[in-house]
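Trainee: Structure for this input, please:
(chains A and B)
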Number of protein chains: 2
Amino acid sequence: MIKVVIIGSGNVAHHLIKICQETASIDLIQVVVRDKIAVEQLVPAAKIITDYQSIAVANVYILAVSDKAIAEVSEKLPFQNRLVVHTSGASEMTIINSKNRKGVFYPLQTFSKNKNVLFNEIPICIESQFPDDYTLLETLAQQISQKVLPISSSQRKSLHLAAVFVCNFVNHLYHIGHEICSENQVPFEILQPLIQETAAKIQKVSPSEAQTGPAIRNDTQTIDNHLDLLHNETNKELYKLITKSIQNVKKL
Amino acid sequence: MIKVVIIGSGNVAHHLIKICQETASIDLIQVVVRDKIAVEQLVPAAKIITDYQSIAVANVYILAVSDKAIAEVSEKLPFQNRLVVHTSGASEMTIINSKNRKGVFYPLQTFSKNKNVLFNEIPICIESQFPDDYTLLETLAQQISQKVLPISSSQRKSLHLAAVFVCNFVNHLYHIGHEICSENQVPFEILQPLIQETAAKIQKVSPSEAQTGPAIRNDTQTIDNHLDLLHNETNKELYKLITKSIQNVKKL
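Mentor: Okay, the predicted model is just below:
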């Protein structure tokens, strides 16, 4: 059994704690948090610690903390030459303190505490300083997901940037759609089949082939009508800029 | 059986022709096109006509043409006092020529010829000038979809605007993600589970609850790193504007 300590209590920590506990071949021996309340619904009290001096010996220490905290938390660890990994898409592996062996264990998914996810489908991007550690991380990742792949720090940065566009920014466009529906007494639910099909479609055809709508048709009448309907200045700006960007692709 | 004539050969016409032919209780008696080649793979030759004078008597004439063409095509119809509907999200019902009874039959979905869709799940928004015509359109729509609803021209305009954000604009963000992956030799497929989960998530929680990422966390370090990684000026502008827009929501 692979012995794991998870440090952190945010969204990623929350889901990693759950999946590690649900997986028979993983032994989650401790969870390190600032405040026990954050994870007491998830983890038996005996496994929750707040004092770094009490951290037990494990095969891997997973720092599921904010990007800003990785360097500081890894420095505070009271041991050396053990495998310490972070879970961040945006941070270099090298920001982990050099007294320990470094690695990355990045599950590429959007995590909110109130929404369950199927780990089995989540790509886990791994990286390590040493080959043996890569093997261990790969074995660990394969216990919880079918999709495990080596991704370098520079590839991971690009992936994370792309993820911001296709997830965080996309979700914000859902929010704007939701807002427009609310303002006009139209139930947002009517848009759900369209939203699901838009996502499903690009599993079959490329996004550029999938593009439809007034921008790509250069339907200036509809575009002008839409701009008239928008009251929020930022939404108006966004509409214009995305329309321009769609039309730039067409020109290539 | 409801007798239907479809006028047009674009993406919407293509899918409506298919579903009408597949539905036993609908009799697609003619398809009217400018050029027979456009639909000869879809419809028996005897049903394809190019001459408006040959249009047969039907219960409903569906104008699945571009928004710009609705007024002109409806004027060219060589009959009067029959039910003529358009399929546009963005156009008023009233732009149909007044010599016939007007209606709207708007399937709220993204249609591309090379991608099949399940009509059963597609909301069909209907509207009519006269109550009896509403009943007929409702009966027709219920043959092909479980989700049929009355939507006024002004509600439909808002829905269409929201649809542009959650479908056309979202798809463009998929395109940018695809582009970033290609430029950095990372397979776009790795992002698919994230894309599907982002869409699935808002079936359970609202988009504002679902929001994650550097913008909502106000993680300026990651935001600056991302801006450095972006070479395309329009993408940089888009990144800044959507980030600002996400942060404006947070402030409310």
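Trainee: what about the residue in the stretch 51-200 of chain A that chain B sits nearest to, how many neighbours?
Mentor: In the stretch 51-200 of chain A, the residue found nearest to chain B is residue A:168; the distance is 3.1 Å by CB to the nearest CB. No exception for glycine: its C-beta is placed from N, CA and C like everyone else's. Using other CB atoms under 10 Å in any protein chain shown, residue A:168 has 23 other residues around it.
Trainee: Report pLDDT for it.
Mentor: pLDDT, the model's per-residue confidence, is 97 for residue A:168.
Trainee: Repeat that for residue A:250.
Mentor: On the pLDDT scale, residue A:250 is placed at 64.
Trainee: What of residue A:118?
Mentor: 89.
Trainee: that older thread, next up, the contacts around the closest residue in space to the residue of the stretch 51-200 of chain A closest to chain B that isn't next to it in sequence.
Mentor: The shortest distance from residue A:168 to any non-neighbouring residue, by CB to CB, 6 or more residues apart in numbering or on different chains, is to residue B:213 (3.1 Å). Each residue near residue B:213 by CB atoms under 8 Å, 6 or more residues apart in numbering or on different chains is listed here: A:110, A:164, A:167, A:168, A:169, B:246.
Trainee: if I look at residue B:213, how far off is residue A:13?
Mentor: Remark: distance between residue B:213 and residue A:13 (CB to CB, to the nearest Å) = 17 Å.
Trainee: Isn't the residue of the stretch 51-200 of chain A closest to chain B up against residue B:214?
Mentor: Yes: using CB atoms under 8 Å, residue A:168 is in contact with residue B:214, at 7.4 Å.
Trainee: Any part of stretch A:65-83 near chain B?
Mentor: Yes: contact of stretch A:65-83 with chain B is found when judged by CB under 8 Å from any CB of the partner chain, involving A:66, A:67, A:68.
Trainee: could I get the residues you listed as TSV with neighbour count, distance to residue B:50 and secondary structure?
Mentor: Shown next, in TSV, are the residues of stretch A:65-83 next to chain B (neighbours: other CB atoms under 10 Å in any protein chain shown; distance: CB to CB, whole Å; DSSP: H, G, I helix; E, B strand; the rest coil):
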residue	neighbour count	distance to residue B:50	secondary structure
A:66	16	65	coil
A:67	19	62	helix
A:68	15	67	helix
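Trainee: As JSON lines, these with distance to residue A:137 and pLDDT would be great.
Mentor: Output for the residues of stretch A:65-83 next to chain B, formatted as JSON lines (distance: CB to CB, whole Å; pLDDT from 0 to 100):
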{"residue": "A:66", "distance to residue A:137": "21", "pLDDT": "92"}
{"residue": "A:67", "distance to residue A:137": "19", "pLDDT": "91"}
{"residue": "A:68", "distance to residue A:137": "23", "pLDDT": "91"}
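Trainee: Of these, just say which sits nearest to residue B:150.
Mentor: For these, the minimum distance to residue B:150 (CB to CB) is 48.6 Å, reached by residue A:66.
Trainee: who touches the residue nearest to that closest one when sequence neighbours are not counted in this structure?
Mentor: Counting by CB to CB, 6+ apart, residue A:66 lies nearest to residue A:10, which is 6.9 Å off, once chain neighbours are set aside. Residues in contact with residue A:10 (CB under 8 Å, 6+ apart) are A:64, A:65, A:66.
Trainee: Mind checking what secondary structure residue A:105 has?
Mentor: Under DSSP: H, G, I helix; E, B strand; the rest coil, residue A:105 falls in the strand class.
Trainee: Surely it and residue A:85 touch.
Mentor: Yes: Residue A:105 lies in contact with residue A:85 (CB under 8 Å); the separation is 4.5 Å.
Trainee: neighbours of residue A:46, just the number please.
Mentor: A count of nearby residues for residue A:46, using other CB under 10 Å, gives 7.
Trainee: any chance you could map the strands in the stretch 51-200 of chain A?
Mentor: A:60-63, A:83-86, A:101-107, A:124-128, A:148-150 (DSSP state E, counting those that start in this stretch).
Trainee: possible to save these as TSV with mean neighbour count?
Mentor: Shown next, in TSV, are the strands of the stretch 51-200 of chain A (neighbours: other CB atoms under 10 Å in any protein chain shown):
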stretch	mean neighbour count
strand A:60-63	25
strand A:83-86	26
strand A:101-107	23
strand A:124-128	23
strand A:148-150	16
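Trainee: now for the ones you listed, which one comes closest to residue A:234?
Mentor: strand A:101-107 (31.4 Å).
Trainee: Tell me the strands beside the closest one, with direction?
Mentor: Paired neighbours of strand A:101-107 in the sheet (DSSP bridges): strand A:83-86 (parallel), strand A:124-128 (antiparallel).
Trainee: which residues are in contact with the longest one?
Mentor: Which is strand A:124-128. For strand A:124-128, contacts defined as CB under 8 Å, 6+ apart pick out A:83, A:85, A:89, A:93, A:101-108, A:134, A:137-138, A:141, A:144-145, A:147-153, A:155-156, A:159, B:190.
Trainee: one more time with 6 Å, if that's ok
Mentor: A:93, A:103-107, A:134, A:137, A:141, A:145, A:148, A:151, A:156 (CB atoms under 6 Å, 6 or more residues apart in numbering or on different chains).
Trainee: from the chain's centre, how far out does it sit?
Mentor: 14 Å (CA atoms, centre = their mean, to the nearest Å).
Trainee: Extract the CA atoms of that strand and return them as CSV.
Mentor: Taking C-alpha atoms only, strand A:124-128 is exported to CSV below (Å, rounded to 0.1, in the frame of the first residue of the first chain):
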residue,chain,number,x,y,z
ILE,A,124,-3.5,13.1,-13.9
CYS,A,125,-0.4,14.9,-15.1
ILE,A,126,2.7,13.8,-13.3
GLU,A,127,6.3,14.9,-13.2
SER,A,128,9.2,14.1,-10.9
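Trainee: All set now, cheers.
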